[in-house]
Structure formats: structure tokens, C-alpha cells
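Colleague: I would like to see how this sequence folds:
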Amino acid sequence: MGVARRSAKVERNAGGKMLADYRLSGQRLSRCFADRHRIAHTAAASMMPAAALSRKRTKCRFWARSVDADHRPVAGLGQTGPGAVGAPGFAPNCYTETPNQGTQLLMKPAPFDNSYVRLPQSFYECLDPQPVRAPRLVAFNRGLARHLGLAWACGEDSDLAAIFSGNRLPAGAEPLAMAYAGHQFGHFVPQLGDGRALLLGEVVDRAGVRRDIALKGSGQTPFSRGGDGRAALGPVLREFLLSEAMHALGVPTTRALAAVVTGQKVARERALPGAVVTRVARSHVRVGTFQYFAARRDTQAVRVLADYVIARHDPELAGTADRYSQLLRAVIERQARLVAKWLSVGFIHGVMNTDNAAISGETIDYGPCAFMDEFNPGQVFSSIDRHGRYAYDNQPGIAQWNLARLAETLLPLLDNDDDRALEQANQAVGGFAQCFAQHWRALFGAKLGLAHADAADSDLIHDLLALMHHQHADFTLTFRHLADAIEPGPGDGALVQQLDDPTALEDWLVRWRTRLAAEQQAPEAIAERMRAVNPAIIARNHLVERAIRAAEDDDDFAIFDALRDALARPFEPPADGTGLQLPPQPHERVTQTFCGT
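Modeller: All right, here's what the predicted structure looks like:
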């Protein structure tokens with residue numbers, strides 16, 4: 001049966017049981033064409049006033065801007081057009097002071113090559129970041145900046161703070177807020193968009209990959225929906241630490257380029273220090289971006305967006321007759337691989353809404369995310385996930401559900417015949433389960449030292465995870481210590497200490513060692529391979545919270561800096577002891593994480 005007529009069946013999850021049976025909204029997928037009128041009506045009734053989105057510009061400005069001490073724009077800027085001051089290849093003289101080295105670097109044109117701004121105006125709103133009072137740089141990823149080809153990598157902290165707070169825009173930047181919709185906890189919201197983020201522009205890095213550079217927390221936009229458009233320091237530091245930790249672990253992710261405190265407070269449950277994080281991504285196109293136009297019955301915009309994504313992420317599909325079907329399958333493959341990666345490191349995203357499902361296959365939006373300590377397949381950290389929709393073991397099923405929402409938007413492009421389009425979509429989305437299972441088995445097999453895990457190895461993996469769950473074993477340390485227990489002996493000690501009952505793993509260890517013997521490799525070689533995929537250090541909740549508390553309460557970033565350095569080398573035990581490796585003490589446990597909006 002097709003996906004539209006049955007529930008999603010994904011293989012047993014990492015906890016050894018069936019995933020929650022989230023339906024792929026089969027009735028809706030099969031009625032998608034008829035439902036478009038209803039969805040569009042809902043969207044029209046819920047959209048912001050037309051005036052809020054009526055500020056059109058034929059082009060976003062190519063310019064460099066500065067503000068003076070009173071946050072007033074320096075005069076003489078804003079010209080547009082080919083060859084104008086601020087156009088690509090020109091660096092406007094926007095400073096009245098004597099330039100220092102950092103200022104000269106800022107005046108040097110950045111290698112922006114912006115493509116999203118060339119899409120129709122309905123895709124975004126052009127606007128500038130709102131200046132802040134006293135920006136101060138607290139973190140800068142110089143290695144990433146060099147990889148992006150940014151001359152700012154050698155800039156002074158004060159100049160970098162001005163750039164990454166939005167107080168100055170480098171030459172070539174064309175800031176815009178992207179429009180998108182999304183299902184949030186299963187409920188469709190026809191208009192979301194960048195409510196506190198701005199895409200500054202795009203660069204092509206030294207590997208030839210196009211990257212977005214965006215500010216988050218840079219002020220209100222037409223999509224803010226009553227919010228202040230700002231970010232508090234805690235969520236900014238969390239995103240910096242978690243995204244860079246995921247990158248070091250080999251998980252596809254957006255990156256953190258900079259973090260700046262603004263010198264201003266933001267009102268949340270209490271007044272908190274404000275901050276801005278600069279995010280780097282392969283793109284910010286989401287499932288929700290497609291939904292935004294599909295909900296408005298704008299098939300042409302969906303086609304333009306699909307062609308843009310193909311040109312940017314899957315250029316080999318350009319011009320092929322079935323490119324939109326192949327695009328859907330490519331996105332499914334990327335999402336299956338991504339979620340399998342999450343599970344392999346014990347990561348829980350927390351808000352797997354369709355507006356947080358990146359078409360690029362990167363992890364995006366580090367809100368109430370967390371790494372688990374004790375293995376629990378039903379683990380939830382997000383304070384707003386009251387029913388466990390986005391729990392650890394539900395993540396594959398939710399990813400497939402999100403992909404069905406993407407398939408709905410592409411139906412008009414797949415085939416002119418409704419039934420044939422539906423059949424293509426069902427086949428593609430239905431293939432997620434096998435694709436995910438293959439990635440999951442390969443990743444967890446590698447964690448067990450298996451060079452090539454096959455279907456017969458699934459039981460070995462599932463049984464270990466079930467034991468870990470019942471024995472309250474630490475996810476990260478259990479896999480890490482397995483490398484010391486390939487042969488019976490003293491190495492078993494650290495492993496069995498993770499269990500409530502030290503004897504509970506004995507039978508499983510016999511089975512595992514028998515399976516490893518079939519690898520016909522020296523134990524030392526297997527152990528080395530295992531240590532290369534099983535981290536010693538992860539961004540544990542209590543460590544991240546400790547860094548945030550010190551920064552927010554005492555303006556002390558020493559803990560943040562030390563943790564950031566350690567997370568950059570997750571497979572190397574810290575030289576100064578095991579403090580960063582250990583799970584939290586009972587009084588240190590963080591049981592809830594928050595979005596920070």
C-alpha cells in the first residue's frame with residue numbers, strides 16, 4: 001500500500017521498540033489538490049496586514065554602512081546600481097575617523113555573491129539590522145572565517161563586534177528576512193518567517209561551497225509577529241557551543257561564526273543580557289519555505305524555489321525530466337542521514353517543526369536541543385514538548401512526517417496527472433524507512449567496531465541499547481568504554497561501571513566479541529576505529545548551563561571558552577582530567593531546556 005493509505009513504518013528505533021505511529025497524514029496527502037483551497041483560505045485569514053509586507057525594493061542595496069556613537073547612520077551611503085558606491089568591487093569610504101587595520105579590513109569588499117536576493121520579492125523582505133548600544137565580541141570562529149575567505153578574520157575585536165551586531169554592514173551585504181511557513185507541533189502556521197534573523201548575504205568558501213551568513217537576534221522584521229526580534233545571551237551561547245560541537249562530531253550542521261553581546265537587556269522571564277549570533281549555513285531554505293508558497297497556491301513560486309534549490313544543492317539534476325521527483329528523493333536521503341547521525345550521538349533536537357527542517361540536510365535552530373546522559377529512548381528535554389512529540393526515538397518518524405509535508409508542496413511539479421504525482425510522492429516518502437535504517441545500522445555498527453554492519457547485526461545493536469536503557473547507562477561513556485573491552489580483562493571495569501548491575505552485560509559481551517572475531521582484525525585496530533567514532537566529550541546539559549550561568553550572571557566567559565575548546569576535539573580525552581567527560585551529579589542535572597524566544 002502507498003504511504004497515503006497506511007501509517008509510516010520505520011524499523012525498530014534505537015531503543016528496541018517501534019517508533020510512535022505518526023501517520024503521514026495520508027488522507028491529506030491524497031486530497032492535497034482539493035485541500036489547497038482550504039489551506040489557502042486559512043493562510044489568507046491568518047496573514048499579517050498587507051501593508052506589513054508591501055515595502056518593495058527592486059533590489060536590496062549593495063552598501064557598507066556604519067553608525068556613529070549615537071547610532072545614527074553615517075551620511076553619504078545608500079547609492080545603488082551597477083558601479084555605484086557600495087556595489088560589488090567597490091568599498092565605500094564610510095568612516096570619518098582615521099582607519100585602523102580592522103577598519104581597513106572592513107572597508108575591503110567581502111566576497112559576497114548573493115543569489116537568494118535575485119529571487120522574486122515575495123520570497124523575502126529587505127531591511128537593515130537594528131543597531132545596538134554597546135556591542136562586544138565574546139566569541140569569534142577565526143578558522144571558519146578564514147575558510148569562508150573573509151578578510152575580517154584578522155580584524156580588531158571592536159570592528160568585528162560592529163559587524164556581527166549589525167551596527168556596520170560590510171560592502172556587498174544585502175540583508176533580508178526570509179519568508180516561510182511551517183507546521184509547529186503538527187499545527188500549520190501559514191506565515192512565520194525570519195522574526196529575529198537577517199540573511200546578510202552569501203559567500204563561496206574555499207571548498208567551492210556556497211554559504212549563507214546570517215545574523216540571529218538582530219532586531220524586529222515584518223515577520224516578528226509581535227516579538228522583539230532579539231536574542232538573549234544564553235540561547236546564543238547554547239547555539240554556538242552546540243552547533244560547533246555537532247560539526248566536530250561530523251554531524252551536518254549550521255556553524256557559528258561569532259557571538260556578540262549587545263550592551264542591552266532583553267525582556268524574558270526576567271531581564272537578560274542581549275546578544276547576536278552569526279550563523280553560517282549551506283542555505284536557509286526549509287520545508288516551511290515550500291509550504292509558504294504552496295499554501296498560497298503559488299505553484300510558480302514553488303517551481304522557482306525548487307529550481308533554486310536544485311541549482312544550489314543538486315546541480316546534477318538540472319534539466320532532467322524528473323528533476324523534482326529526484327529533488328524530493330535527495331532531500332529524503334539527506335534527512336534520513338541527518339537524523340541517523342543525531343541518534344548515533346544521543347542528540348535530541350527538540351523542535352522538529354517543518355520550519356526547522358533544512359532542505360540542505362543540516363541541523364538548524366539550536367533551541368531546546370540537548371545531548372542525553374543516561375540512555376532513554378523516550379527522552380524529552382524541551383519545556384514546550386509536553387507530549388513527547390519530538391522525543392529521541394520519535395525523531396525518525398517525525399522526519400518522515402515532515403518530508404510528507406514537503407512532498408505535498410511538490411505534487412503539482414511531479415506530474416500533471418494527480419494520481420501519478422501522488423504515486424511518485426508516496427514511493428519517495430515511503431522509501432525513507434529503508435534509507436534511515438541503512439544509515440542507522442551503519443553508524444551504530446561502527447560504534448560497535450563493525451566495518452560493515454548487516455541486517456543480522458541489528459539485533460546486537462538493539463539489545464545493547466535495551467540493556468543500556470534498563471540499566472540507566474550513560475549513552476556516551478558506554479560506547480566510549482566498549483573500545484577497552486574488546487578482549488576480556490581489566491578494560492571491562494569502566495564499562496560495567498555504567499550499569500546498575502555490573503553483570504547485566506556479560507551475555508551480550510560474549511555475543512559481541514564473537515561477532516568482532518569475524519572482522520579478522522587486530523583488537524588494537526578495532527579499538528582505534530571505535531575511538532574515532534565514539535566521542536569522549538559531548539556538550540552535556542550541565543556543562544552548557546554552567547557556562548551560560550557564569551556568562552549571564554558574572555560576565556565570565558572562561559568556562560564557555562574552555563568548553564568550546566574541548567568540544568572542538570570530542571574524540572580526545574581532556575588532558576586535565578575527566579571532569580568534562582563525566583555525567584552530571586544528581587544536583588547538576590538539567591531536565592528541561594528552553595527555546596529562548
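
Colleague: CA atoms for contacts and neighbours, from now on please.
Modeller: Fine.

Colleague: Make sure residue 376 is actually in contact with residue 469.
Modeller: Yes. In this structure, residue 376 is within contact of residue 469 by Cα atoms under 8 Å, at 5.5 Å.

Colleague: In terms of neighbours, single out the busier of the two.
Modeller: residue 376 (23 against 20; other Cα atoms under 10 Å).

Colleague: Domain boundaries for this structure, per the record?
Modeller: Following automatic domain parsing, the chain resolves into domains at 3-49+322-439, 50-281, 450-531, 541-588.

Colleague: Throw those domains into a markdown table and include mean pLDDT and distance to residue 315, thanks.
Modeller: Formatted as a markdown table, those follow (pLDDT from 0 to 100; distance: least, Cα to Cα, whole Å):
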| stretch | mean pLDDT | distance to residue 315 |
| --- | --- | --- |
| domain 3-49+322-439 | 78 | 10 |
| domain 50-281 | 79 | 12 |
| domain 450-531 | 95 | 31 |
| domain 541-588 | 92 | 32 |
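
Colleague: Out of the ones you listed, the one nearest residue 303 is which?
Modeller: domain 3-49+322-439 (7.0 Å; Cα to Cα).

Colleague: and residue 320, how many neighbours?
Modeller: 9.

Colleague: Helix, strand or coil: sort out residue 201 for me.
Modeller: Of the three states, residue 201 takes strand under DSSP: H, G, I helix; E, B strand; the rest coil.

Colleague: Just to check, it is in contact with residue 170?
Modeller: No. Residue 201 lies out of contact with residue 170 (Cα under 8 Å); the separation is 10.1 Å.

Colleague: quick one, which of those two is more surrounded?
Modeller: Shown here are residue 201 and residue 170; by other Cα under 10 Å, residue 170 has more neighbours (28 against 22).

Colleague: how much space is there between the more buried one and residue 308?
Modeller: Using Cα to Cα, to the nearest Å, residue 170 is found at 25 Å from residue 308.

Colleague: do the same with residue 302
Modeller: 10 Å.

Colleague: So the two - more neighbours on which side?
Modeller: residue 302 (21 against 18).

Colleague: Send me stretch 432-444 as PDB with only the CA atoms.
Modeller: Provided in PDB are the C-alpha atoms of stretch 432-444 (Å, rounded to 0.1, in the frame of the first residue of the first chain):
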ATOM      1  CA  PHE A 432      12.600   7.000   4.000                       C
ATOM      2  CA  ALA A 433      12.300   4.000   6.300                       C
ATOM      3  CA  GLN A 434      14.800   1.800   4.500                       C
ATOM      4  CA  CYS A 435      17.200   4.800   3.800                       C
ATOM      5  CA  PHE A 436      17.100   5.700   7.500                       C
ATOM      6  CA  ALA A 437      17.600   2.100   8.600                       C
ATOM      7  CA  GLN A 438      20.700   1.700   6.400                       C
ATOM      8  CA  HIS A 439      22.300   4.800   7.800                       C
ATOM      9  CA  TRP A 440      21.400   4.000  11.400                       C
ATOM     10  CA  ARG A 441      22.700   0.400  11.200                       C
ATOM     11  CA  ALA A 442      26.000   1.600   9.600                       C
ATOM     12  CA  LEU A 443      26.500   4.300  12.200                       C
ATOM     13  CA  PHE A 444      25.700   2.100  15.200                       C
END
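
Colleague: Geometric centre of this protein: which residue is closest?
Modeller: residue 364 (1.7 Å; Cα atoms, centre = their mean).

Colleague: Pull up the distance across stretch 111-121, start to finish.
Modeller: End to end - Cα to Cα - stretch 111-121 spans 23 Å.

Colleague: which parts of it are buried?
Modeller: Using 16 or more other Cα atoms under 10 Å as the test for burial, stretch 111-121 gives 111, 112, 113, 114, 116, 117, 121.

Colleague: Now do the contacts for the fourth one.
Modeller: By Cα atoms under 8 Å, 6 or more residues apart in numbering, the residues touching residue 114 are 174, 201, 202, 203.

Colleague: In the residues you listed, find the pair that's most separated.
Modeller: Spatial extent of the contacts of residue 114 (Cα to Cα) is set by the pair 174 and 203 at 12.0 Å.

Colleague: So if I had to pick from those two, which one is more boxed in?
Modeller: For residue 174 versus residue 203, neighbours defined as other Cα under 10 Å are more numerous around residue 174 (26 against 22).

Colleague: List the backbone torsions phi and psi for that one.
Modeller: When read as degrees, to the nearest 10, the backbone of residue 174 gives phi -130, psi 80.

Colleague: okay but it is in contact with residue 200, surely?
Modeller: Yes. The criterion here is Cα under 8 Å, and residue 174 meets it with residue 200 at 5.5 Å.

Colleague: hmm, back to that, among the domains of the chain, which comes closest to residue 287?
Modeller: domain 3-49+322-439 (5.4 Å).
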